[in-house]
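**Q** Here is the input, now give the coordinates:
(2 chains, ligands or ions: 2)
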Amino acid sequence: MSEILIKNANVCDPAQGINCETMDICIKDGKIVESVSANAKVIDAEGRLTMAGGFDGHTHSAGKINVGRFINPNDARKNLVPGLSGQVARTEKTRAQVGYNTPNTYAIGYRYAKLGYTTICEAAIPLLAARHTHEEFKEIPILDKMGLSLFGSNWQVMEYIRDKEPEKLAAYVAWGLRASRGYGVKIVNPGGGEAWGWGKNVSGLYDPVPNFDVTPAEILMGLAEVNERLQLPHSVHVHCNNLGKPGNYATTIETMKLFEKVKPSRDRQALHVTHVQFNAYAGTSWRDFETGAPMVADYVNGADHMTFDLGQVIFGPAVTMTADGPVEYANARMLHEKWSNQDIELEDASGVVPLFYSPKSFVNAVQWAIGLELALLVKDPWKIMFTTDSPNGGSFVNYPEAFTYLMSAKRREEVISGFSKMALDRMVLPGIDRELDFYELAVMTRSTQSKMYSRPEKGNLKAGSDADIAIYDILPGQIDPSIEYAKVKKAFSGAAYTLKDGEIVVKNGEIEATPKGKIYWVNAKVPSAIDSAMQKDIDVKFKKYYTVSKANYMVEDMYLQKPVEIATEGVF
Amino acid sequence: MPVVKDAVCSLCGSLCDDITVTVEDNKITKIENACILGHSKFVGMLEHDRIETPMIRKDGELVPVSYEEAIEAAAKILVNSRRTLSYGWCSTSCETVSGAIQLAEETGSVIDSTANVCHGPTALAAQEKGAPSATLGEIKNRADVIIFWGCNPVHAHPRHMVRYSSFSKGLFTEKGRKGRKMIVVDVRKTDTAKLADSYVEIEQGSDLLLVTALRSIVNGHEDVIPETVAGVPKAEVIALAETLKNAKFVCIFFGMGVTQSRSKYKNGDAMSSLISDLNQHTKAVMIGMRGHYNVTGFGQVATWETGFPMAIDFARGYPYYNPGETGANDLLVREEPDAAIIAAADAGAHFPQKAVRHLARIPVIQIDPYPNPTTEIADVVFPAAVVGIEAEGTAYRMDAISLRMKKLIESKFKTDEEIVKDLTAKIRELKRGA
Ligand code: SF4
Ligand SMILES: [Zn+2]
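**A** Ligands and ions are numbered 1, 2, ... in the order given. The predicted structure is shown next:
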């Protein structure tokens, strides 16, 4: 493969400020370079839209998703997005595929690649169950992968915060990332996972966690401090308290404010708040429920310390899966749905519940609107990562559909026209006429991710970056996305080309090759004296409380396919 | 002399990972911490007969052949088969399961696990109502009321009660057994029942009645309960429901007494609903007492690779799942398969007669460390290294936590994983040639 020249690419690369300009891209040995020899294989992009490979920075694609598959075998047959869902027989090149919200591992790899995506970040790895996540990663072809490890209800974390031992806490987080081969710190409903161990929840930032004498706010601040001390490539990644409850926008803004005082140790945000759609609800009950997006957007517009992702809702079936155990139980009771739960000893909780978002339900309609309101009311796309929190808000295979909502007010009106009067009264979306262009879309699907995860070689087309590239069948100067949204959707649904490390993996929307992707994990260095002191504490945990031994807890090297170790230096 | 610590016992679904094994001259000479079942597995390789060599049946007799000949013969069987059943794969590693699934996919076979005759209904119940569960450490650290329902860990999972449940001690359960209420629901007074604080004896096949009655009481409808339920007096049923409601943390461990008794998956379905209802009052979870050490692993791997946990039919090129139609026994009873590959399981001993009769009529390939009744009807036999002792790999505990099994001693036998790989390669070669 060694040299490729992509000619006549209409490049949209926000990291370099390039907005749909026609140029050539040179590739050598899997990287983008300044020039190639005359021997390079030539791909003629014919003026089509060319972006860096997409990067989904928050998706549930390995680990917990298996519970979703397990309890919803009916999902395997769902073919709501032909070409990107349902049952597909094996071919010489590809393994058999099934599913829509919870596709099998092979389908996840192929389908993301068809969308022009080349990197994904699994949003929640329980430390104790990390091996499982990596086993699934191994079977997801093509994509580069990373995952965020759960720390928000961890006994050792809460004890160190309560006992004011920030150095040992840092050592513990470094060790936990090493044990789970995780990339960053995920905090889900801080303290709520432990409360759920007793069937309870925490009600907000200052509601103490039963038996541990710390508050969610303290957990957030404690973990943020060590996250920066360890100079981790990503900020803490927070799923706020009170998710899914009317009125929760206040908790969300309060959480964001809390982080104003956190100084990032790297050139990135101090806080990432995830799937904010689920946390931007106003009202006091489901009866007077309404959008809280304007308030949240207002705050975010004035803040410069944070990023967030949408958690956009897609109408139709979805499967919710989260470490937020109490939320899933509440969902199951409210919707009379099946309920799976998996609490993880000493660490966290989790649950899985399928649901259906209907445009006829005023609540669902408002949820749908809130995601878009957030995307359109927040002025700076660099603060936003596009997600559906797949498959919580809907399957990632609907991204192209969702892009049309962002790019076309007309398309939005079409959807909105089916809503009830009550729904319309509770949203502000109909009054918003902003339409994103390809540049802004590229920011939300590539550039923000590169920046917020400190992966300068991803999500852009600079010389030296990975040659992960998507070419879409769109001629930017000759299309009006606000009217021709059907064309936009079609083009984003099956890339003309997807290149992964300089290899053509998708051509004309079909899989061409299925190389194995890399796994990124973070190894943060901690002074050995502090590490040993911390090890003594966790030795007690293993001896008295865990049901596996410490030696068997660590994910072994053999589970990592093409590992990339990201070393950082802790500051002590 | 090498002492290996934290070895994983590959016998039952407890998957104890604290075994210390001493190895001298490639022999296991000392085993610490394992229970009697685990112990006999570790030493069993010396004491039990092994299948000594690959074999092919010629003129009715199994005769020794080279490994290559056996691979060739097995590959031919599979290439010529139009409907292969691939069965077992529960007492082996996840890596082997992954290979077996790929083999099934490439040959358009049906692949099923031993869940077909044990906890299959548990999966069906979860598909109806979900699986409200927790890792075993949650029980150890929190549970003050534990029910063993239709299971007998004293004999089937001997260290379960000490490591994870009745006798274990944890952060909120410092008093261990003394601070816990242990209840057994069963049709006979098992040795586990003898250790319980209360034993509820129910009539055979009436689990669903009792679960439903408990639900009614928990949900405030005591008045609809008849004088006896499942043979248990109403007052006792009410007392049981109250114990559950007033607990801090309840875990119901359920076994094949629940999954294989009358009403099958409906039992698990109702139990899942009971757990959900109990969570209105307290904290409650349920965990299936999986028998084979990696039957959970088969389900996990199959689910992420095919979307389904068992009974997967690849005839259409994509996975198709319809238990009752695509289960191993369903196929055999319909006399559908024209060849079978059976690994790390004993269909010969555990399947109904009609199914075994059909197996005896078709070419059967067996992969196993030990001879068993399936060997009697096998046409190609591969001896395999014992996983967890002679071969490494991944296994899933009953609570879906995966652990790395170690290779403790060298073996002259190929691993399951290698055999499946070689077989797949040979089949590809034959198909290319054709
Ligand atoms: S309880 Fe099961 S896993 Fe543990 S030592 Fe005994 S047989 Fe092995
Ligand atoms: Zn999420």
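**Q** Let me see the ranges of the helices in the stretch 251-400 of chain A.
**A** A:293-301, A:325-335, A:362-377, A:399-407 (DSSP state H, counting those that start in this stretch).
**Q** any chance of those helices in a markdown table, with mean neighbour count too?
**A** Placement of C-beta: from N, CA and C, glycine included. A markdown table is the format used below for the helices of the stretch 251-400 of chain A (neighbours: other CB atoms under 10 Å in any protein chain shown):
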| stretch | mean neighbour count |
| --- | --- |
| helix A:293-301 | 20 |
| helix A:325-335 | 21 |
| helix A:362-377 | 25 |
| helix A:399-407 | 24 |
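**Q** And the ones you listed: which comes nearest chain B?
**A** helix A:325-335 (6.0 Å; CB to the nearest CB).
**Q** Now stretch B:348-355 - C-alpha only, CSV.
**A** Taking C-alpha atoms only, stretch B:348-355 is exported to CSV below (Å, rounded to 0.1, in the frame of the first residue of the first chain):
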residue,chain,number,x,y,z
GLY,B,348,-23.8,-39.1,24.2
ALA,B,349,-24.5,-39.2,27.9
HIS,B,350,-26.8,-36.1,28.3
PHE,B,351,-29.0,-36.1,25.3
PRO,B,352,-32.4,-37.9,25.1
GLN,B,353,-32.3,-41.3,23.5
LYS,B,354,-33.8,-40.3,20.2
ALA,B,355,-31.2,-37.6,19.7
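**Q** How far does it sit from its chain's centre?
**A** Offset of stretch B:348-355 from its chain centre (CA atoms, centre = their mean, to the nearest Å): 18 Å.
**Q** Kindly report the same for stretch B:347-354.
**A** Offset of stretch B:347-354 from its chain centre (CA atoms, centre = their mean): 17 Å.
**Q** now swap in stretch B:383-393 and tell me
**A** With CA atoms, centre = their mean, you get 18 Å for stretch B:383-393.
**Q** Over to stretch B:122-142?
**A** For stretch B:122-142, the distance to the chain centre is 15 Å (CA atoms, centre = their mean).
**Q** measure the residue in the stretch 301-450 of chain A that ligand 2 sits nearest to to chain B for me?
**A** Ligand 2 sits closest to residue A:389 of the stretch 301-450 of chain A, with a gap of 4.3 Å, by CB to the ion. For residue A:389, the distance to chain B equals 20 Å [CB to the nearest CB, to the nearest Å].
**Q** Count the neighbours of residue B:58 for me.
**A** 11 (other CB atoms under 10 Å in any protein chain shown).
**Q** got the CA positions of stretch A:12-25 in PDB?
**A** Extracted in PDB, the C-alpha atoms of stretch A:12-25 (Å, rounded to 0.1, in the frame of the first residue of the first chain):
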ATOM      1  CA  CYS A  12     -12.800  20.100   4.800                       C
ATOM      2  CA  ASP A  13     -10.300  20.100   7.600                       C
ATOM      3  CA  PRO A  14     -11.100  22.500  10.400                       C
ATOM      4  CA  ALA A  15      -7.900  21.700  12.300                       C
ATOM      5  CA  GLN A  16      -6.000  23.500   9.500                       C
ATOM      6  CA  GLY A  17      -8.800  26.000   8.900                       C
ATOM      7  CA  ILE A  18      -9.400  24.400   5.400                       C
ATOM      8  CA  ASN A  19     -13.000  24.900   4.400                       C
ATOM      9  CA  CYS A  20     -13.800  22.900   1.300                       C
ATOM     10  CA  GLU A  21     -10.800  23.600  -0.800                       C
ATOM     11  CA  THR A  22      -9.700  21.400  -3.700                       C
ATOM     12  CA  MET A  23      -6.300  19.900  -3.200                       C
ATOM     13  CA  ASP A  24      -4.300  16.700  -3.200                       C
ATOM     14  CA  ILE A  25      -3.500  14.500  -0.200                       C
END
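**Q** Could you check it and say which residues are buried?
**A** A:12-15, A:18, A:20, A:25 (16 or more other CB atoms under 10 Å in any protein chain shown).
**Q** thinking again about what came up before, surely the residue of the stretch 301-450 of chain A closest to ligand 2 is in contact with residue A:101?
**A** No - judged on CB atoms under 8 Å, residue A:389 makes no contact with residue A:101 at a distance of 11.7 Å.
**Q** What are the boundaries of the strands in the stretch 301-434 of chain B?
**A** With DSSP state E, counting those that start in this stretch as the criterion, the stretch 301-434 of chain B has strands at B:312-313, B:320-321, B:339-343, B:364-368, B:380-383, B:393-396, B:402-405.
**Q** do the stretch 51-200 of chain A as well
**A** A:54-59, A:117-125, A:144-150, A:184-188.
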